[in-house]
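Q: Can you look at this prediction? I've put the sequence above it.
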Amino acid sequence: MSKKTHNSTTAPSELSVEPFINKREVARRMGRTTRGVELMMRRGIIPYYNFDWRCAFRWSEIQAHLAQTSRVCGPEETAR
């Protein structure tokens, strides 16, 4: 019977998991208030996780969700 060996060539960055961020950090990155983030959560605009009474976010999931569900306006559309 052969022994399985652990492959130690895997880079540490491949094993890392994106950390959760809090509502204040999401607000800072989006240029919004925490109340604005709460409204976006309630409306389903941004994804989040609930851990008991705390909510947490993954920035990459917010970016991906917004890219799929939002529309980018050109200069002529924002002037309306």
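A: Perfect, I can see it now. Residues are numbered from 1 along each chain as shown.

Q: Now name the helix or strand holding Ile62.
A: For Ile62, the host element (DSSP states H and E) is helix 59-69.

Q: Return the set of buried residues in stretch 23-33.
A: Neighbour counts over stretch 23-33 (16 or more other CB atoms under 10 Å) mark 23, 26-27 as buried. C-beta: built from backbone N, CA, C; applies to glycine.

Q: just those residues now: which is nearest Glu38?
A: Lys23 (7.2 Å; CB to CB).

Q: right, and that closest one touches Glu38 too?
A: Yes - counting by CB atoms under 8 Å, Lys23 touches Glu38, with 7.2 Å between them.

Q: Check Pro75 and give its pLDDT.
A: At Pro75, the model reports a pLDDT of 73.

Q: how many neighbours does it have?
A: 6 (other CB atoms under 10 Å).

Q: distance of it from Ala67?
A: Applying CB to CB, to the nearest Å, the value for Pro75 to Ala67 is 20 Å.

Q: now swap in Val37 and tell me
A: Relative to Ala67, and taking CB to CB, Val37 is found at 18 Å.

Q: more crowded one of those two?
A: Using other CB under 10 Å, the more surrounded residue of Val37 and Ala67 is Val37, with 25 against 9.
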